[in-house]
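**Student:** Predicted model and sequence below, questions to follow.
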Amino acid sequence: MRRLPRSLSGWTMAVFGLLAAALGVVGLVAPDALLTVMGFEPVPDGARAEGDHTLVFLTASSMAALNMGVYYVLAALSDWKAFFRWTVPFRLLTCAVFTLAVVTERAPSGFLGVGLWEGLGAVVTGTALWWEEKRSARPA
């Protein structure tokens, strides 16, 4: 039996989760490709300075993205709306922090896409939750 999300908000979570998991896998398998997508210039093999732990951090972040993506998909398949609601403010916070990192030149401009992806996803999920709540409150 094939299970799919049962609500619009569930679909928003599933899509976000699948994208996060896929990017997590890319970061684990091809870290330089993920760095390039995020606007960072990869350092060639053998050219990293001693003590440069970029790849360690990228491995940890990619594993977290993979795990988070799986959690989002499982929540979507369970139609766990409380979880969906919890993610909205924290995804907006992530958007703000990542955007601020670009504005303060702590991160390259290409990293802005990561923040906007989080923010757009939060708005889409929040809007879907609002619409579903509004629709369920209408008398039959």
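**Tutor:** Yep, it's here. This one's a predicted model, so the numbers in the text were calculated from it and none came from an experiment.
**Student:** Can you tell me, leaving aside adjacent residues, what's nearest to the spatially most central residue of the chain?
**Tutor:** The chain has A20 as the residue nearest its centroid, 4.9 Å off, counting by CA atoms, centre = their mean. Leaving aside its chain neighbours, A20 sits nearest to G69 (3.5 Å; criterion: CB to CB, 6 or more residues apart in numbering). (Glycine included, C-beta is placed from N, CA and C.)
**Student:** surely the one you found meets V15?
**Tutor:** No: G69 is beyond contact range of V15, at 10.3 Å (criterion: CB atoms under 8 Å).
**Student:** In terms of neighbours, single out the busier of those two.
**Tutor:** Taking neighbours as other CB atoms under 10 Å, G69 and V15 compare with G69 leading, 21 against 17.
**Student:** distance of that one from A47?
**Tutor:** 31 Å (CB to CB, to the nearest Å).
**Student:** what number of residues lie near R138?
**Tutor:** Neighbours of R138 under the rule other CB under 10 Å: 6.
**Student:** circling back to that earlier point, which ones are touching the residue nearest to the centre of the chain?
**Tutor:** 65-66, 68-69, 72 (CB atoms under 8 Å, 6 or more residues apart in numbering).
**Student:** Relative to D79, which of those is nearest.
**Tutor:** Y72 (12.5 Å; CB to CB).
**Student:** how close does that closest one sit to F84?
**Tutor:** 9 Å.
**Student:** Please say which of those two ends up with more neighbours.
**Tutor:** Between Y72 and F84, counting by other CB under 10 Å, Y72 is the more crowded of the two (27 against 22).
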